[in-house]
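Asks: sharing a model prediction with you, sequence too.
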Amino acid sequence: MHIEIAVSRINDIKWNLVGTLVNEGDEDLGYEFLRELAQFFKKNQLQPVPPAMANIARLLGDFEGEVTVSAYCNLDAVEFLNKSLYTRKTIDYYLQLAKYADDFPDASQYLHIYELLIRVLERGGCFYLKHNELEIEKRAYYPLSGWFERFIDKEPMDISDL
């Protein structure tokens with residue numbers, strides 16, 4: 001069930017618009033992604049890794065293998081994401097976690113972490129999650145050196161209207 005919902009969500013993105021719109025609030029989605037990811041590491045008592053390497057399914061114990069966009073998503077998604085490795089990796093991790101959550105329902109509570117960045121794409125924006133930075137195109141730049149320490153105690157932002 002989770003994988004079907006995740007695939008549908010990715011396939012419903014208007015990939016021809018991604019990166020063409022600049023939306024107020026997209027930077028807040030990036031902020032919340034980093035804050036929620038820090039909370040995940042704290043809650044699960046895991047050593048933080050750079051956000052670009054944070055494959056939550058794998059960190060929770062999924063060693064069956066990675067899931068890729070090309071195995072699940074439509075041609076528009078695959079074509080766009082083949083050109084944007086830094087965005088694609090996040091989508092691959094999201095799909096893997098959704099598939100893992102079908103077998104281990106407790107894992108579903110973490111899907112929202114990736115969905116924060118997916119929301120940026122759904123709104124026509126774009127993000128690039130690299131080893132040392134998270135960029136919300138034309139909205140925000142978050143250096144990731146010391147990211148965990150900076151975001152672990154941050155207050156949540158109200159993103160309910162985004």
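Replies: The structure has been received and is ready for your questions. Residues are numbered from 1 along each chain as shown.

Asks: can we go C-alpha only for contacts and neighbour counts from here?
Replies: OK.

Asks: least trustworthy helix or strand in this structure by mean pLDDT?
Replies: For the chain, counting by mean pLDDT, DSSP states H and E, helix 69-72 ranks last in confidence among helices and strands (a mean of 91).

Asks: let me know the next secondary structure element after that one.
Replies: Counting by DSSP states H and E, the next helix or strand C-terminal to helix 69-72 is helix 75-82.

Asks: and the least confident helix or strand of the chain, what does it pack against?
Replies: With contacts taken as 3 or more C-alpha pairs under 8 Å, 6 or more residues apart in numbering; DSSP states H and E, helix 69-72 sits against helix 75-82, helix 85-103.

Asks: now do the buried residues in it.
Replies: In terms of neighbour count (16 or more other C-alpha atoms under 10 Å), helix 69-72 has its buried residues at 69, 72.

Asks: may I have that helix as PDB, with CA atoms only?
Replies: This file holds the C-alpha atoms of helix 69-72, laid out as PDB (Å, rounded to 0.1, in the frame of the first residue of the first chain):
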ATOM      1  CA  VAL A  69      12.800   5.200  -9.900                       C
ATOM      2  CA  SER A  70      13.200   3.500 -13.200                       C
ATOM      3  CA  ALA A  71      11.600   0.300 -11.800                       C
ATOM      4  CA  TYR A  72       8.500   2.000 -10.500                       C
END
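
Asks: to residue 112, which of the helices and strands packed on helix 69-72 lies closest?
Replies: Between residue 112 and the helices and strands packed on helix 69-72, the shortest separation by C-alpha to C-alpha is 9.2 Å, and it involves helix 85-103.

Asks: show me what the next helix or strand after the closest one is packed up against.
Replies: Note on helix 85-103: by DSSP H and E, the next helix or strand toward the C-terminus is helix 111-122. Judged by 3+ C-alpha pairs under 8 Å, 6+ apart, helix 111-122 is in contact with helix 26-43, helix 85-103, strand 127-129.

Asks: in TSV, list these along with mean pLDDT.
Replies: Listed next are the helices and strands packed on helix 111-122 as TSV, based on pLDDT from 0 to 100:
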stretch	mean pLDDT
helix 26-43	98
helix 85-103	95
strand 127-129	96
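
Asks: closest one to residue 116 among these?
Replies: Closest among the helices and strands packed on helix 111-122, once you apply C-alpha to C-alpha, is helix 26-43, at 5.4 Å.

Asks: for that closest one, packing partners?
Replies: helix 111-122, strand 133-136, helix 147-151.
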